[in-house]
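**Student:** Prediction below, plus the sequence it came from.
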Amino acid sequence: MKKIQDFNIEKNIQDEFDEHIYFFRYEDFIRNCILDYKFNNKSYLYESFVKFMLKNIEFIDLLKNYDTIIPVPISKKRYKQRGYNQSSLIAKKLAKELLKENFKIKYNDDCLFKTKNVIEQSKLNKDNREKNIKGAYEIFHINQLKNKKILLVDDIYTTGSTLRECSKILKKSNPKKIGVLTIAKD
């Protein structure tokens, strides 16, 4: 692992994706912020997360290596309960801010979908998370992602089950590269 100022980057840690970028350990204050963001109706916190990320010049330079940013989708049922997709808020805001800086990164939320309701991953152990999430995602509009450098965005990397499953599905489109971005890693 290589530490670059305020974020971490791990290369080639999974077969399904090329690198994992994250800013914090999932503990203490950050853990509480993410839990509030995700489960306590504090959707506005995405603004602070993105603002923090964009203050890091090395991180911004790293994003020049991507041309598509995709949020990890949630089920329609979970969306109705929560009222928002926490990963989508972050991904959309990042893309919007980067476009202002003439980046050619495109926000895309119409290719990867969660088509199966599953038990919340946070309620399961590592082994059960892999089984639970298997087959929960599908890809549409495959040609939109062919030869693209994809940045997949989620809030937390715990066991990696969700991100590996999403990446595996995205690989069906033959992208050039898949990186993942999370706020924190457990």
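**Tutor:** Structure's in. What do you need?

**Student:** what about the longest helix in this structure?
**Tutor:** helix 86-100 (DSSP state H).

**Student:** How about that helix, which residues are buried there?
**Tutor:** Residues of helix 86-100 classed as buried by neighbour count (16 or more other CB atoms under 10 Å): 86-95, 97-98. (Each C-beta comes from the backbone N, C-alpha and C, glycine too.)

**Student:** model confidence over it, on average?
**Tutor:** Taken as a whole, helix 86-100 has an average pLDDT of 95.

**Student:** try stretch 18-36
**Tutor:** Mean predicted lDDT for stretch 18-36 stands at 94.

**Student:** buried stuff in that stretch?
**Tutor:** The neighbour-count check on stretch 18-36 (16+ other CB under 10 Å) flags 18-24, 26, 30, 33-34 as buried.

**Student:** now stretch 37-46
**Tutor:** Residues 37-38, 43, 45-46 are the ones in stretch 37-46 that count as buried (16+ other CB under 10 Å).

**Student:** Let me see the ranges of the helices in the protein.
**Tutor:** With DSSP H as the criterion, the chain has helices spanning 28-39, 45-54, 57-63, 76-82, 86-100, 126-133, 161-170.
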